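Participant: Let me see the structure of the following:
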Amino acid sequence: MPEICYNIIMAFGFFKKEGGKTHILAIDLGTASISAAMAVRQEGKKTEVLKVFRYPIDLFEYQIAGGAQLPHIFKEGFLRVFKDAHVISDHLDVVAVGLSDPFFLDKKKQRKVTRSNPAAAITAEEINSLVKTSESEIAAQNLAIVRRNILNTQVNGYDVRNASGYKGKTLAIEMMFTSISATLKEYIEGAKDKFFPKSAISYYSDAAIFREALRAAGNLSEPRIVIDIGGEVTGIFLVDDLMFQHYGAAAFGIRTLARRIASSLKIDAARLPDFSSRETKGVFEDYNFRSLLKRIDKADSKKGAVEKKVTNLNQQLQLV
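Facilitator: Residues are numbered from 1 along each chain as shown. Now for the predicted structure:
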């Protein structure tokens, strides 16, 4: 199962309150593929995976910076995901979409207010009002806010998990808003509504997914830096038990590396997976790297070409 889809299903606790079955479709939008997994969860029982889907996409020649430039490959891709899922089951309770770089924008907002009646307990409505006000201030054209997370709350300067019920003069909240292209949101939800109009939908940035996965595994005793190497983009995140922060992204990934290797070896990038599988079979298991060089040299059919190609590859990858 695609790792992100697995983390979404297992980390976010999609359970019905009455203990019944919850049918989930977890989708991972990456730069190399759209992956999905259908599963059924029931508290106290093993999660049942019904089907796993993967649809490779090639965005190398596309501009993906803005909503107006999003290729229609996404529209067709999500229609295919939901159509194939509908063949497996015509019922879904939850659709959960994971978003990798560069398909989301995480933006933090801090807000502090002085309360007119410090003796009154803080209510959920009061907190929601602060969130909505902050949301309106960061709303941007062509972007749709799809998720809101309260990272930290303070009453009279003291950290509290949930400010509801506390009394105090000042209330401060740090929030994270996740936005995506309005066009992309339209593609996803249009496809969902065509096949599963009654199902709920939620969105998660990779940063939020990694934090929940680490928390579920008990690995958030101290802050962690997470590096997510994708197909075309690598994202860098800082996560801990209270917050997550998206440091940025680099235009480099597995496919980028594959194209550079293919260029160095003078083979078609599309042939690289089969080529590398065939030429390195059994090599890395016994660390016989000399054997690897001989295999590549034989495939190239030019004596001494391997050493030169490796040197050129290292230079291209800035390893030397």
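Participant: on contacts alone, who are the packing partners of the helix or strand harbouring Met38?
Facilitator: Assigned by DSSP states H and E, Met38 belongs to strand 33-41. Under the contact definition 3 or more Cβ pairs under 8 Å, 6 or more residues apart in numbering; DSSP states H and E, strand 33-41 sits against helix 3-11, strand 22-29, strand 48-56, helix 73-88. The way it works is simple: take the backbone N, C-alpha and C, and place the C-beta from them, glycine included.
Participant: domains for the chain, by residue range?
Facilitator: Following automatic domain parsing, one gets these domains for the chain: 3-103+181-221, 107-176, 254-316.
Participant: Compare the mean pLDDT across those domains and name the weakest.
Facilitator: Ranked on mean pLDDT, the bottom entry among the domains of the chain is domain 254-316, at a mean of 53.
Participant: any idea how far Glu189 is from Leu171?
Facilitator: Using Cβ to Cβ, to the nearest Å, we find Leu171 at a distance of 34 Å from Glu189.
Participant: Helices of this protein, start to end?
Facilitator: Under the criterion DSSP state H, the chain contains helices at 3-11, 73-88, 124-138, 182-195, 206-216, 254-265, 272-279, 289-300, 305-316.
Participant: Pro102 and Gly230 touch, don't they?
Facilitator: No: look at Pro102 against Gly230 with Cβ atoms under 8 Å: they stay out of range, at 9.6 Å.
Participant: So for the two, which residue has more residues nearby?
Facilitator: For Pro102 versus Gly230, the count of surrounding residues by other Cβ atoms under 10 Å is larger for Gly230: 23 against 16.
Participant: Got phi/psi on that one?
Facilitator: phi -100, psi -160 (degrees, to the nearest 10).
Participant: quick one: it and Ser100 touch, right?
Facilitator: Yes: here Gly230 reaches Ser100: they are 5.3 Å apart, a contact under Cβ under 8 Å.
Participant: Please identify every residue contacting each of these two.
Facilitator: Common neighbours of Gly230 and Ser100, using Cβ atoms under 8 Å, 6 or more residues apart in numbering, are 30-31.
Participant: coming back round to it: where do the contact lists of Pro102 and Gly230 overlap?
Facilitator: Taking Cβ under 8 Å, 6+ apart as the contact rule, the neighbours common to Pro102 and Gly230 are Thr31.
Participant: how about the strands of the stretch 101-250 of the chain, start to end?
Facilitator: Secondary structure of the stretch 101-250 of the chain (DSSP state E, counting those that start in this stretch): strands at 105-114, 143-155, 158-160, 170-181, 200-205, 224-229, 234-239, 244-250.
Participant: Excluding its own residues, what touches the longest one? List them.
Facilitator: For strand 143-155, contacts defined as Cβ under 8 Å, 6+ apart pick out 67, 105, 108, 112, 122, 127, 131, 135, 138-139, 159-163, 166-168, 170-182, 185, 202-205, 208, 242-244.
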